[in-house]
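S.K.: this one's sequence-less:
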């Protein structure tokens, strides 16, 4: 029979393991959010490059990807005007310069959000490390406790 001589409670170890699993799930969610923010940021930079590329094209011709590695050359009739989805499926027409400024503002917002998510993720990882440390120490102590109990049982018998 295992005794609780050193105060290691198996229920506490189980609770710590549950907390660790919950923190892992939270960390995964925040990591996914971070990846989405980075993807949005890269997409916005690409859009800025495309808008600037259209302005630099001498005959306003660009390649339009259709999918599956297929593209067509298209001529842009109004290279100085673009359509911008501002959210909730609302699209507005803006000048190229306004669209670039809009995208730069979005990039700034995404970078600020990413910073907050990273800070939260670091806090969660710190808590995970602390729980993992406590859990490991508790398991080691519990194993030593079991070994002592077995030795005591063998000596009594």
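M.R.: It's in. Just so we're clear, the structure is a prediction, and the values are computed from it rather than from any experiment.

S.K.: Contacts only, for residue 57.
M.R.: Each residue near residue 57 by Cβ atoms under 8 Å, 6 or more residues apart in numbering is listed here: 76, 79. To be clear about C-beta, it is placed using only N, CA and C from the backbone, and glycine gets the same treatment.

S.K.: I'd like the distance between it and residue 9.
M.R.: Residue 57 sits 71 Å away from residue 9, going by Cβ to Cβ, to the nearest Å.

S.K.: and what of residue 144?
M.R.: Residue 144 is 15 Å from residue 9, where distance means Cβ to Cβ.

S.K.: do residue 66 as well
M.R.: 63 Å.

S.K.: can you check residue 75 too?
M.R.: Taken as Cβ to Cβ, the span from residue 75 to residue 9 is 74 Å.

S.K.: which stretches of the chain have low pLDDT?
M.R.: Applying pLDDT under 70 to the chain flags the ranges 1-7, 156-157.

S.K.: Please repeat the previous calculation with a cut-off of 80.
M.R.: For the chain, applying pLDDT under 80 flags the ranges 1-9, 58, 146, 149, 152-157.

S.K.: Can you show me the helices along this protein?
M.R.: 10-56, 96-156 (DSSP state H).

S.K.: Which other helices and strands does the longest one contact?
M.R.: In terms of contacts (3 or more Cβ pairs under 8 Å, 6 or more residues apart in numbering; DSSP states H and E), helix 96-156 is packed against helix 10-56, strand 81-87.

S.K.: Compare these and give me the one nearest residue 106.
M.R.: helix 10-56 (5.5 Å; Cβ to Cβ).

S.K.: Can you give the distance of that closest one from its chain's centre?
M.R.: 1 Å (Cα atoms, centre = their mean, to the nearest Å).

S.K.: neighbours around the closest residue to residue 30 other than its chain neighbours, how many?
M.R.: Leaving aside its sequence neighbours, residue 30 sits nearest to residue 121 (Cβ to Cβ, 6 or more residues apart in numbering; 4.5 Å). Neighbourhood size, residue 121 [other Cβ atoms under 10 Å]: 18.

S.K.: Quick check, residue 121 in contact with residue 34.
M.R.: Yes: using Cβ atoms under 8 Å, residue 121 is in contact with residue 34, at 6.9 Å.

S.K.: I'm done for today, thanks for sticking with me.
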